[in-house]
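**Q** Here is my input; please provide its structure:
(chains A and B)
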Amino acid sequence: MREITFSQATMEAMAEEMARDERVFLMGEDIARQGGIFGQFKSLPQQFGFDRVRDTPISETAIVGAGVGAALAGMRPVVDMHFVDFITVAMDEVVNQMAKIRYMFGGQCTVPVVLRAPDGAARSAAAQHSQSLESWFVHVPGLKVVIPSNPADAKGLLKAAIRDDNPVLYFENKDLFGKKGPVPEDEFFTPIGKAKVVQEGTDVTIVSYSIMLHKALDAAEQLKADGISAEVIDLRTIVPIDKETLFESVKKTKHLVIAHEATKNGGVGSELAAIVAEELIDYLDGPIRRVGADFVPIPFSPALEPLMLPQVEDIVGAVKEIC
Amino acid sequence: MDFSEEQLQDFYRVMFTIRRFEEKVNELFLGGEIPGFVHLYIGEEAIATGVMANLRKTDYITSTHRGHGHTIAKGADLNRMMAEIFGKATGYCKGKGGSMHIADFTIGMLGANGVVGGGYNLAVGAGLAAKLRGQDQVSVCFFGDGASNRGTFHEGLNMAAAWKLPVIFVCENNQWASTTPYRTTTSVENIADRATGYGIPGVVVDGNNVFAVYEAAQAAVERARSGGGPTLLETKTYRIKGHFVGDPEMYRTREEVQQQFETNDPLNNFKQAVLNANSLTEKDLEEIETAVQAAIEEAVDFARESPFPKPEELFEDLYVEGGETL
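**A** Residues are numbered from 1 along each chain as shown, chains lettered A, B, ... in the order given. The predicted model follows:
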């Protein structure tokens, strides 16, 4: 199968959906003339024009709010947050408007908006350009949240998000944009709400997603040398959680480690650990372990940044503690 | 006056409907039949009426926590409105929204909003949608003087102006941001003065005069519809009732309110004008009042007799099942 980058995969998804449906358009800061700060939108304005691929003012509340408004008026907007850190500026638009409008108005409307947000710590971007904030939105009913780890799912999930009639937050790790992987040439979708067992194993379940999935796979490889067979699950969707895949695996391995780059405290791992503790505790042969970033803002210095971010050894260590 | 008899009757019918609807909501709330909070539009009827008379059913509006008047003027069904305010299953939002969250997407009413200043960018987005489709729909955002100090005001007006979107920003300056007087929190005499900063027209009009509102809105709507871009239209009015029903109103005197109401009631202004000009008769007005009164009584009966939502409806309409492919 051909290999393309994560960034190219998302561009293909956008191009296919924009060609198919005139209601799909894209707006955000620096996306049209510049092609996106990670090059992830290059070529789209040439194909679809500067009306449908719009550079916006630096106005996050207007970008997200107008996306919601356009969706209410029958369009299917994709809005880009530049960096997920800036979603903080538009929290009313995401939490009070986008997420609640359909329910609050008794299902009179749909809000088919996709909010794309690059996240993750990369190359000393420091405290306000490095965060992974996906867990905040686990707490807000009305949103769906997806977070691909590879080019194929990047494309498949983005297409599924654009076709979905619910608002979908699409988190894409900055360090993944340049990573290559196999992507089918025929049209396909990655279903929202379905996790994937990436590697089968029998002794421990490692649940991860986005860039940490790659570290989880590296950890699984190292654990083999110690005779530990790890099953690795790529969550892919955070809301709604695919409990079926998670539970099936945990029932088999009886051990659970959850790993993500986001802050450990209050992270997605906390929610998954709670769900498993509530519903599957009798199956577990050991405590649940969470691996995530330390509870500190992301520091600038290359000497400090890696210290607070979870590494392969942290996952390996967590597994060894419980197996 | 350059208005047909039918237009004048429509003006009065809409204004009087809003007035009586709100008086009834006030009474029912105080009687304990309505839960939550209600914010009344009494004294501001000429604005919604004068603006909406220029709109088509397919045009969009976004509204505020004080949204009953906009909803009525856009053409919503009184029964379903009242049922929603009661929290009943037959309401516009099946009882999930209440007074602060009424919408009717079949008439372009994109929703009242519980967040002050939450509507600007929704209206901008609706205007953008119309422009992208090449349709001549316009979008109207209603907001108060208090909301004009939200950052979303700036972002919305700038984006709409930069992209020449068909959006009309209608400021209802009722002098009170909740309990705080406009003059103590705002540096300009007129909110409309800020239009200069966006390179768009800023117009100040007497919000208690439906004819003046109609004419100013007409110009703004024509400009938007023909591709001329947004207008900031400030309508000066006065909030006759408290911020919400039950507000003890410690921040102003009864005399001030009474004096405003006696000298500047938009319904009274209208009546005097049409009677003095012999455009409508007392009898015309009374006929309208009788019909409106009956419609409101019917709405109350409908709301009272309607069932509450069932427990199994709690989770309905949170997510759309499936999607195009899923």
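
**Q** Chain A versus B:Asp284, what's the distance?
**A** 36 Å (CB to the nearest CB, to the nearest Å). Every residue, glycine included, has its C-beta placed from N, CA and C.

**Q** what pLDDT does that residue get?
**A** The per-residue pLDDT reported for B:Asp284 equals 97.

**Q** Next: A:Arg23.
**A** Predicted confidence (pLDDT) for A:Arg23: 98.

**Q** How far off centre is the longest strand anywhere in chain A?
**A** Taking DSSP state E as the criterion, chain A has its longest strand at strand A:256-263. Counting by CA atoms, centre = their mean, to the nearest Å, strand A:256-263 is centred 13 Å from the centre of its parent chain.

**Q** Now do it, average pLDDT.
**A** Here strand A:256-263 scores 98 as its mean pLDDT.

**Q** Each with direction, which strands does it pair with?
**A** Sheet pairing for strand A:256-263, assigned by DSSP bridges, gives strand A:204-208 (parallel), strand A:289-293 (parallel).

**Q** Hmm, A:Asp55 and B:Met159 touching each other?
**A** No: with contact defined as CB atoms under 8 Å, B:Met159 does not count as touching A:Asp55 (11.4 Å).

**Q** The two - which one has more neighbours?
**A** More crowded of B:Met159 and A:Asp55, by other CB atoms under 10 Å in any protein chain shown: B:Met159, with 28 against 14.

**Q** For chain B, just list every one of the helices.
**A** Taking DSSP state H as the test, the helices found in chain B are B:5-30, B:45-52, B:68-74, B:78-86, B:120-133, B:151-162, B:182-185, B:210-225, B:254-264, B:266-276, B:282-305.

**Q** Kindly report the same for the stretch 51-200 of chain A.
**A** Assigned by DSSP state H, counting those that start in this stretch, the stretch 51-200 of chain A shows helices spanning A:60-72, A:91, A:101-104, A:151-163.

**Q** In CSV, list the ones you listed along with distance to A:Gly39 and mean neighbour count.
**A** Converted to CSV, the helices of the stretch 51-200 of chain A look like this (distance: least, CB to CB, whole Å; neighbours: other CB atoms under 10 Å in any protein chain shown):
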stretch, distance to A:Gly39, mean neighbour count
helix A:60-72, 20, 30
helix A:91, 28, 14
helix A:101-104, 33, 24
helix A:151-163, 14, 26
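
**Q** what's the closest of those helices to chain B?
**A** Smallest distance to chain B across the helices of the stretch 51-200 of chain A (CB to the nearest CB): 2.3 Å, for helix A:60-72.

**Q** So which residue is dead centre in chain B?
**A** Centroid-nearest residue in chain B: B:His70, 2.7 Å away (criterion: CA atoms, centre = their mean).

**Q** Can you lay out the helices of chain B as JSON lines showing distance to A:Lys243?
**A** Converted to JSON lines, the helices of chain B look like this (distance: least, CB to CB, whole Å):
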{"stretch": "helix B:5-30", "distance to A:Lys243": "43"}
{"stretch": "helix B:45-52", "distance to A:Lys243": "48"}
{"stretch": "helix B:68-74", "distance to A:Lys243": "41"}
{"stretch": "helix B:78-86", "distance to A:Lys243": "35"}
{"stretch": "helix B:120-133", "distance to A:Lys243": "34"}
{"stretch": "helix B:151-162", "distance to A:Lys243": "38"}
{"stretch": "helix B:182-185", "distance to A:Lys243": "49"}
{"stretch": "helix B:210-225", "distance to A:Lys243": "49"}
{"stretch": "helix B:254-264", "distance to A:Lys243": "57"}
{"stretch": "helix B:266-276", "distance to A:Lys243": "57"}
{"stretch": "helix B:282-305", "distance to A:Lys243": "41"}
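
**Q** Out of those, which is closest to B:Ile168?
**A** With CB to CB as the measure, helix B:210-225 is the member of these nearest B:Ile168 (4.6 Å).

**Q** what packs against the closest one?
**A** If contacts are counted by 3 or more CB pairs under 8 Å, 6 or more residues apart in numbering or on different chains; DSSP states H and E, helix B:210-225 sits against helix B:5-30, helix B:45-52, strand B:167-173, strand B:202-206, strand B:231-236, helix B:266-276.

**Q** Figure out which of those is closest to chain A.
**A** So among the helices and strands packed on helix B:210-225, strand B:167-173 is nearest, using CB to the nearest CB, at 9.7 Å.

**Q** Next, the angle from that closest one to strand B:202-206.
**A** 40 degrees (axes from the mean of the first three to the mean of the last three CA atoms, to 10 degrees).

**Q** before we move on, the earlier item: just send the helices of the stretch 51-200 of chain A back as JSON lines, with distance to chain B and mean pLDDT too.
**A** Shown next, in JSON lines, are the helices of the stretch 51-200 of chain A (distance: least, CB to the nearest CB, whole Å; pLDDT from 0 to 100):
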{"stretch": "helix A:60-72", "distance to chain B": "2", "mean pLDDT": "98"}
{"stretch": "helix A:91", "distance to chain B": "11", "mean pLDDT": "98"}
{"stretch": "helix A:101-104", "distance to chain B": "5", "mean pLDDT": "98"}
{"stretch": "helix A:151-163", "distance to chain B": "4", "mean pLDDT": "98"}
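
**Q** and of the ones you listed, who's closest to B:Ala217?
**A** Among these, helix A:60-72 sits nearest to B:Ala217 (CB to CB), with 20.2 Å.

**Q** Can you check what angle separates the closest one from strand B:167-173?
**A** Going by the same axes, to 10 degrees, helix A:60-72 makes 110 degrees with strand B:167-173.

**Q** For helix A:60-72, C-alpha coordinates in CSV please.
**A** Extracted in CSV, the C-alpha atoms of helix A:60-72 (Å, rounded to 0.1, in the frame of the first residue of the first chain):
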residue,chain,number,x,y,z
GLU,A,60,-11.0,32.6,18.1
THR,A,61,-14.4,33.3,19.4
ALA,A,62,-15.5,34.5,16.0
ILE,A,63,-13.9,31.5,14.2
VAL,A,64,-15.6,28.9,16.4
GLY,A,65,-18.8,30.9,16.9
ALA,A,66,-19.2,31.6,13.2
GLY,A,67,-18.5,28.0,12.5
VAL,A,68,-21.4,27.1,14.8
GLY,A,69,-23.6,29.8,13.2
ALA,A,70,-22.8,28.6,9.7
ALA,A,71,-23.7,25.0,10.7
LEU,A,72,-27.0,26.2,12.1
